[in-house]
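Student: Just need the structure, nothing else, for what follows:
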Amino acid sequence: MGIQSAMFSGVSGLNTNSQAMSVIGNNLANTNTIGFKGARTVFSDLLSSTVFGSGGTAQVGRGVGLSTIDNVFSQGTFETTSSDTDVAIEGDGFFIVKEPDNDTPLYTRAGAFRFNEDGFLVNPEGFRVQGKLFDPLTGELAPGDPADIQVKNTGLVEAQKTTEMTFTTNLDASAPELGAGAIDPADRTTYNLQASSQVFDTLGDPHLLSVYWRLEDAAANQWGTGYTIDGDPATYQALGGLTFDAEGHLPDTDGDGKPDPVIENITIADWGNGSETN
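Tutor: Predicted coordinates for the structure are as follows:
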């Protein structure tokens with residue numbers, strides 16, 4: 001091998017490995033790209049020459065070349081998102097999408113879908129996701145080719161305000177007695193326990209109802225209660241008292257097996273863009 005051939009072999013190694021580094025860099029750059037499939041480089045030696053000598057023949061290499069760049073279609077990891085329309089495929093397969101004005105099907109593994117203003121399920125590029133109706137009774141798909149997935153707006157469903165709420169919690173019998181007094185949501189020393197639950201106004205907007213308990217008389221097992229809306233101390237309203245028996249039960253004077261209602265309906269007003277509810 002002459003000096004020129006030796007230099008060519010070395011340069012071919014540098015060029016080929018620089019291309020391999022580019023592939024690796026692209027893989028790293030797309031670590032957080034949804035549906036991205038990595039690639040790998042495959043090397044091959046270049047044509048060699050035969051050298052004859054006293055020991056027989058030998059092959060002298062001419063360097064290395066990049067044979068191919070293969071896509072790696074191995075299963076990626078799943079991520080939890082806050083969108084109900086973000087989906088992923090476990091195993092083999094692709095999502096079918098189409099451009100709005102083109103019937104040519106395209107295939108993707110990226111499942112970051114959203115409904116657009118026309119009700120079509122689309123990907124970030126606006127391509128419409130294709131699908132078929134599924135019959136849950138028979139477990140079969142509807143016949144025919146996949147079509148655009150569209151949810152048509154046939155009218156608004158009227159929002160329902162919260163009218164009743166079941167609140168379950170535990171009161172600590174060993175909690176320190178704070179005595180009779182007012183509960184101040186902004187002062188943690190004025191109550192023993194606070195718990196919250198979500199309620200809805202007449203527009204369907206969510207609000208956080210927080211209930212506070214204050215142990216006023218440990219011997220009588222009497223607790224004072226009150227509530228706030230959306231964590232605002234200015235909305236605090238007292239609810240009255242709860243008195244438990246020695247076994248921790250609320251009284252049942254009418255014998256119907258249910259605790260007597262000792263707290264009247266809660267009327268919540270001035271929710272901004274919602275009206276009052278009970």
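Student: Break this structure into its domains for me.
Tutor: Domain ranges of the chain: 3-71, 76-155, 157-278, per automatic domain parsing.
Student: Just put these in JSON lines and tack on mean neighbour count.
Tutor: All C-beta atoms are positioned from the backbone trio N, CA, C, and that covers glycine. Output for these, formatted as JSON lines (neighbours: other C-beta atoms under 10 Å):
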{"stretch": "domain 3-71", "mean neighbour count": "12"}
{"stretch": "domain 76-155", "mean neighbour count": "12"}
{"stretch": "domain 157-278", "mean neighbour count": "13"}
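Student: Is it possible to get CSV of the ones you listed that adds mean pLDDT?
Tutor: Shown next, in CSV, are the domains of the chain (pLDDT from 0 to 100):
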stretch, mean pLDDT
domain 3-71, 80
domain 76-155, 90
domain 157-278, 82
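Student: Quick one: the helices in the chain, in order.
Tutor: Ranges of helices in the chain, per DSSP state H, are 3-29.
Student: mind listing what residue 131 touches?
Tutor: Neighbour list for residue 131: 96, 121, 146-147, 149 [criterion: C-beta atoms under 8 Å, 6 or more residues apart in numbering].
Student: Apply 6 Å and report the result again.
Tutor: 146, 149 (C-beta atoms under 6 Å, 6 or more residues apart in numbering).
Student: Quick check: it vs residue 93, distance?
Tutor: Distance, residue 131 to residue 93, using C-beta to C-beta, to the nearest Å: 13 Å.
Student: My understanding was that residue 259 contacts residue 253; is that so?
Tutor: No: counting by C-beta atoms under 6 Å, residue 253 is not a contact partner of residue 259; they are 9.8 Å apart.
Student: okay, and the common contacts of these two?
Tutor: Common neighbours of residue 259 and residue 253 (C-beta under 6 Å, 6+ apart) do not exist.
Student: can you map out the strands along the stretch 1-150 of the chain?
Tutor: 39-45, 49-53, 56-60, 64-71, 95-98, 106-108, 114-115, 121-122, 128-131, 134-135, 140-141, 147-148 (DSSP state E, counting those that start in this stretch).
Student: which stretch among the ones you listed comes nearest residue 78?
Tutor: strand 95-98 (15.0 Å; C-beta to C-beta).
Student: which strands and helices sit next to that closest one?
Tutor: When contacts are defined as 3 or more C-beta pairs under 6 Å, 6 or more residues apart in numbering; DSSP states H and E, strand 95-98 packs onto strand 128-131.
Student: and the residue nearest the centre of the chain, how far is that from residue 114?
Tutor: Nearest to the geometric centre of the chain sits residue 81, at 2.2 Å (C-alpha atoms, centre = their mean). According to C-beta to C-beta, residue 81 and residue 114 sit 11 Å apart.
Student: again with residue 231
Tutor: According to C-beta to C-beta, residue 231 and residue 114 sit 31 Å apart.
Student: Residue 145 too?
Tutor: For residue 145, the distance to residue 114 - C-beta to C-beta - is 23 Å.
Student: go on, residue 194?
Tutor: Residue 194 is 37 Å from residue 114, where distance means C-beta to C-beta.
Student: do the same with residue 238
Tutor: The gap separating residue 238 from residue 114 is 45 Å, by C-beta to C-beta.
Student: If residue 70 is in a bridge, with which residues?
Tutor: Beta bridges link residue 70 to residue 40 when assigned by DSSP bridges.
Student: Just to check, it is in contact with residue 41?
Tutor: No: assessed by C-beta under 6 Å, residue 70 is found out of contact with residue 41, at 8.0 Å.
Student: tell me the contacts of residue 226?
Tutor: 183, 212, 236, 238-239.
Student: Please convert those to JSON lines, extending it with distance to residue 77.
Tutor: Converted to JSON lines, the contacts of residue 226 look like this (distance: C-beta to C-beta, whole Å):
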{"residue": "183", "distance to residue 77": "47"}
{"residue": "212", "distance to residue 77": "43"}
{"residue": "236", "distance to residue 77": "46"}
{"residue": "238", "distance to residue 77": "51"}
{"residue": "239", "distance to residue 77": "48"}
